[in-house]
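Q: Give me coordinates for this.
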Amino acid sequence: MSEAVSAIGGRRNALAFWFGCAIVTLGVVLHIPMYLMGSHMGYVLVGMPMDADMYWGMALIVVGIGFAAFGLLPRQLPSHERVIETIAPPEDAPLTRAHWGMAGLLALALIIDIMKPASLGFVTPGMRAEYQVDKAMVAWLPLAALTGTVIGSFIWGALADIYGRRAAILLSSIVFIGTSICGAMPDFWWNVFMCLLMGAGAGGMLPVAYALLAEIMPTRHRGWMLVLIGGIGAVGGYFAASYLSELLQPTYSWRIMWFLNLPTGLLLVAMSPLLPESARFLQQMGRGAEARAMLARFGAVAHRTAVDAAQAHADPAQPPPERRFVGLTAALTLGALAWGLVNFGLLLWLPGTLVEEGLSVAAASGLIAKSTIISIPVVAVATLLYARWSSKGALVVMMGMMAAGLLLFLMRTPGDSPLLALTFVIVGSSGVISILLPYTAENYPLRVRGRATGWIAGCSKLGGLTAQGLSVAGAVPPFGIAAALIAVPTLAGLLLVAWLGRETRGRDLRDLE
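A: Prediction:
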């Protein structure tokens, strides 16, 4: 317990955090009787009135999140007590047991994180049947979830730069636990609202995890580890959602998929003493002793330097970060928007387009499945290119493949097989999302790394939000025109990355800053 107390920032803060966790859990538990009341009729709760315990439970969840957030506030030191530490892990340092343990824990966190929005596709049929809503109405559910992920990416990225990387991940886990109550909501619109909150929690963990990994991994292993952990999280999240849906939904209905947020969120919280804080963030906060201890845990060293000496090495001719990173931010933003439009728009519109052209649903699904199988090893290929060849070049290649697929869709005539175009798009988009956030995390200075990674992650969902908004409004353009329109930001982002992007492979984060 002493390690957990130290990691959170003092006994009073630790007590506030654990008390908040208990209050949020109690708030969720108060909703379970409502769910169990429907056990004799297939857990159908539509039309049932919400009782007083549920309202008290919602209030407790809000209060508990507040206590947990207070408990995670970082310890502030007076400016005269702060000592600048030069974080200097050896560039060719080997991976230690601590590195592998942290990587495994963050991979688990990303699997749980991605499993939440991935569950949407599995709960939608059951929700439509229970609430008696049509496709246009149920489209509000993914729209709310994507809106939440956009908001969450921006908010959690900023919190990671203020609270710390570890604190942001834990607070996101607490929000996960609170959104379990979706499983007891008797009204469709309550589910939509809770889906918004779930997205807000899920949207923040991914970029913050990348920032933490980038700052702790040795330079020699940073690139491939970032891409690999992200790929494991994506594949594992979708697998977990599909497997648990197959295992549990037939017996416990679609609602059980939301209640899974309770045990998975508690699992992350229970493992929190094993999750380290970034030594670079601790150094920035002036907590030199804690930074040195954390570095020693990972087999690295820190050298103390005077504040004046550190300031003396600053280059007065160097433009401020806000100006130095404008072009790169624009490039990565365009790439993120384009990926969101492809993944949450074009690929969702394609099955309907193929059916309208005369293919059966089974044939259309089989065609898409063939292309998707090809994308399975893309994570390994992207990892190899990123780590062994060029981080910038790998992103350019993957964006180029996505753009080529979009242009092939533009040139395709109705009735022609879309297999080649679809393969290029799926392979390219899989590679882009595997590389985009790791590359972002490596390119920005420590003090804005969380916000920058959160911004790019949010923009990837913002592209999807735009696509889903068109679907809800019934304003989706013809498929070929949609492909042409999405190709514009894809090509623009590709050219800007090729022109303004920096090579990060094998470079110390301090040099990149």
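
Q: What is the neighbour count of residue 94?
A: 10 (other CB atoms under 10 Å). In this view, the C-beta of every residue, glycine as well, is placed from N, C-alpha and C.

Q: buried stuff in the helix or strand where residue 337 lies?
A: Taking DSSP states H and E as the definition, residue 337 sits inside helix 326-341. Burial within helix 326-341, assessed by neighbour count using 16 or more other CB atoms under 10 Å, is assigned to 328-329, 331-341.

Q: Next, residue 50: secondary structure please.
A: The three-state assignment at residue 50 reads coil, by DSSP: H, G, I helix; E, B strand; the rest coil.

Q: Go ahead and confirm it touches residue 186.
A: Yes: using CB atoms under 8 Å, residue 50 is in contact with residue 186, at 6.5 Å.

Q: Now the common contact residues for those two.
A: residue 34 (CB atoms under 8 Å, 6 or more residues apart in numbering).

Q: Sketch out the low-pLDDT regions of the stretch 251-400 of the chain for me.
A: Scanning the stretch 251-400 of the chain for pLDDT under 70 picks out the ranges 300-323, 348, 351-352, 355, 359-376.

Q: mind redoing it with 80?
A: In the predicted model of the stretch 251-400 of the chain, residues 279-293, 295-324, 343-345, 347-380 satisfy pLDDT under 80.

Q: From residue 200, how far out is residue 145?
A: 9 Å (CB to CB, to the nearest Å).

Q: Counting neighbours, go ahead and name the busier of the two.
A: Neighbour count, other CB under 10 Å: between residue 145 and residue 200, residue 145 has more, with 28 against 23.

Q: Quickly find the element holding the more buried one.
A: helix 140-162.

Q: What helices and strands are in contact with whichever strand or helix holds residue 496?
A: For residue 496, the host element (DSSP H and E) is helix 479-500. Counting by 3 or more CB pairs under 8 Å, 6 or more residues apart in numbering; DSSP states H and E, the packing neighbours recorded for helix 479-500 are helix 326-341, helix 347-356, helix 391-411.

Q: For residue 98, find the nearest of those helices.
A: When these are compared by CB to CB, helix 391-411 sits nearest residue 98, at 24.6 Å.

Q: Following element in sequence after the closest one, please.
A: According to DSSP H and E, the helix or strand after helix 391-411 is helix 419-443.

Q: mean confidence for that following helix?
A: Throughout helix 419-443, pLDDT has a mean value of 85.

Q: Next, the angle from it to helix 326-341.
A: Angle, helix 419-443 to helix 326-341, by axes from the mean of the first three to the mean of the last three CA atoms, to 10 degrees: 140 degrees.

Q: immediately after helix 419-443, which helix or strand?
A: By DSSP H and E, the next helix or strand past helix 419-443 is helix 446-473.

Q: buried ones in that next one?
A: Going by neighbour count (16+ other CB under 10 Å), the buried part of helix 446-473 is 446, 448-465, 467-468, 470-471.

Q: Equivalent analysis for stretch 38-49, please.
A: Those would be 38, 43-45, for stretch 38-49 by 16+ other CB under 10 Å.

Q: same question, stretch 286-303
A: 286-288, 290-292, 294-295, 298-300, 302.

Q: do the same with stretch 195-214
A: 195-214.

Q: Convert the C-alpha atoms of it to CSV, please.
A: Output of stretch 195-214 as CSV, limited to C-alpha atoms (Å, rounded to 0.1, in the frame of the first residue of the first chain):
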residue,chain,number,x,y,z
CYS,A,195,-22.7,6.3,-24.4
LEU,A,196,-21.4,9.9,-24.8
LEU,A,197,-19.8,9.6,-21.3
MET,A,198,-18.4,6.2,-22.1
GLY,A,199,-16.8,7.6,-25.3
ALA,A,200,-15.4,10.5,-23.2
GLY,A,201,-13.6,8.0,-20.9
ALA,A,202,-12.5,5.7,-23.8
GLY,A,203,-11.2,8.6,-25.9
GLY,A,204,-8.5,9.6,-23.5
MET,A,205,-6.6,6.4,-22.6
LEU,A,206,-5.1,5.7,-26.0
PRO,A,207,-3.2,8.9,-26.6
VAL,A,208,-2.1,9.1,-22.9
ALA,A,209,-0.8,5.5,-23.0
TYR,A,210,1.3,6.4,-26.1
ALA,A,211,2.7,9.4,-24.3
LEU,A,212,3.7,7.3,-21.3
LEU,A,213,5.2,4.6,-23.4
ALA,A,214,7.3,7.1,-25.4
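
Q: ok, for residue 33, nearest residue in space, not its chain neighbours?
A: residue 53 (6.8 Å; CB to CB, 6 or more residues apart in numbering).

Q: From the contact counts, what lies against the helix or strand in which the one you found is found?
A: Per DSSP H and E: residue 53 is located in helix 52-71. Secondary-structure packing of helix 52-71 (3+ CB pairs under 8 Å, 6+ apart): helix 11-29, helix 32-37, helix 165-178.

Q: buried residues in the second one?
A: So the one you mean is helix 32-37. 32, 34-35.

Q: Enumerate every residue touching residue 453.
A: 157, 207-208, 210-211, 437, 440-441, 444.

Q: ok, so what distance separates it from residue 224?
A: In terms of CB to CB, residue 453 sits 18 Å off from residue 224.

Q: And for residue 33?
A: 48 Å.

Q: next one: residue 264
A: Residue 264 is 27 Å from residue 224, by CB to CB.

Q: Correct me if wrong: residue 437 contacts residue 229.
A: No: look at residue 437 against residue 229 with CB under 8 Å: they stay out of range, at 10.6 Å.

Q: What residues does residue 145 make contact with?
A: Here residue 145 is in contact with 117, 120, 195-196, 198-199, 202 (CB under 8 Å, 6+ apart).

Q: Pipe these into CSV and attach secondary structure per row.
A: Formatted as CSV, the contacts of residue 145 follow (three-state DSSP):
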residue, secondary structure
117, helix
120, helix
195, helix
196, helix
198, helix
199, helix
202, helix
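
Q: Columns distance to residue 428 and secondary structure on top of the buried residues of stretch 286-303, output as TSV?
A: Compiled in TSV, the buried residues of stretch 286-303 are given as follows (distance: CB to CB, whole Å; DSSP: H, G, I helix; E, B strand; the rest coil):
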residue	distance to residue 428	secondary structure
286	44	coil
287	43	coil
288	45	helix
290	42	helix
291	40	helix
292	43	helix
294	38	helix
295	38	helix
298	35	coil
299	38	coil
300	36	coil
302	41	strand
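
Q: Among those, which one lies nearest to residue 406?
A: residue 298 (42.2 Å).

Q: which SSE is residue 126 in?
A: Using DSSP H and E, residue 126 sits in helix 120-131.

Q: got the buried residues for that helix?
A: Applying 16+ other CB under 10 Å to helix 120-131 flags 120, 122-124, 126-128, 130-131 as buried.

Q: I appreciate the help and will end here.
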